[in-house]
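A.B. asks: Fold the stuff below for me.
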Amino acid sequence: MDIIEILKEDYQRFPANQTYSIYAPDVYFQDPLNKFRGVKRYKGMINFIQTWFLNPKMDLHNIQCLGNTIKTEWTLSWNTPIPWKPRISIPGWSELTLNSDGLIISHIDYWNCSRLDVVKQHFLSSKN
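C.D. replies: Purely as a prediction, here's the structure:
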């Protein structure tokens, strides 16, 4: 199975049972809240989402491979575990860089909204 198919399946079942073997051990990860190296820390971040977020979902809208770069477009959503359980949604995209062995050495996430927009959703979103 090629990496594109693996990623599609990972997005469908996110955050459960992710395929960490497609990442280099010292993968570089960055998003608007985090910046670190290592697949172990990446696993920890995914585990945090799985443990603390309610009904997390990653909708994949597009995925394309250009040379050694894979670009994905997605929307991450979840219910925050506070009394009114607002549904939060972050549209964004990822740029994944592959090494010569076909492993992901860099995973950079970009959001189509600001961190403040995400905070505001906790107070402005309607109840589901």
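
A.B. asks: Output the below-cut-off pLDDT ranges for this structure.
C.D. replies: Along the chain, segments meeting pLDDT under 70 span 125-128.

A.B. asks: Tell me where it has helices.
C.D. replies: 3-13, 39-52, 115-124 (DSSP state H).

A.B. asks: Show me what the longest one is packed up against.
C.D. replies: When contacts are defined as 3 or more Cβ pairs under 8 Å, 6 or more residues apart in numbering; DSSP states H and E, helix 39-52 sits against strand 23-30. The C-beta positions use only the backbone N, C-alpha and C, and glycine is treated the same way.

A.B. asks: Would you list the phi and psi of the residue of the chain most remote from its centre?
C.D. replies: For the chain, the largest distance from the centre (Cα atoms, centre = their mean) belongs to residue 83, which lies 25.0 Å off. Dihedral pair for residue 83: phi -50, psi -40, per degrees, to the nearest 10.

A.B. asks: what's the spacing between residue 62 and residue 92?
C.D. replies: For residue 62, the distance to residue 92 (Cβ to Cβ, to the nearest Å) stands at 12 Å.

A.B. asks: Comparing the two, which shows the higher neighbour count?
C.D. replies: residue 92 (16 against 9; other Cβ atoms under 10 Å).

A.B. asks: Grab the nearest non-local neighbour of the more buried one.
C.D. replies: residue 111 (4.4 Å; Cβ to Cβ, 6 or more residues apart in numbering).

A.B. asks: mind listing what the one you found touches?
C.D. replies: By Cβ atoms under 8 Å, 6 or more residues apart in numbering, the contact set of residue 111 is 31-32, 90-92, 118.

A.B. asks: give me that answer again for 7 Å
C.D. replies: 32, 90, 92 (Cβ atoms under 7 Å, 6 or more residues apart in numbering).

A.B. asks: how close does the last one get to residue 122?
C.D. replies: To residue 122, residue 92 is 18 Å away according to Cβ to Cβ.

A.B. asks: For stretch 97-115, which residues meet the burial criterion?
C.D. replies: 97-98, 103-107, 109, 111 (16 or more other Cβ atoms under 10 Å).
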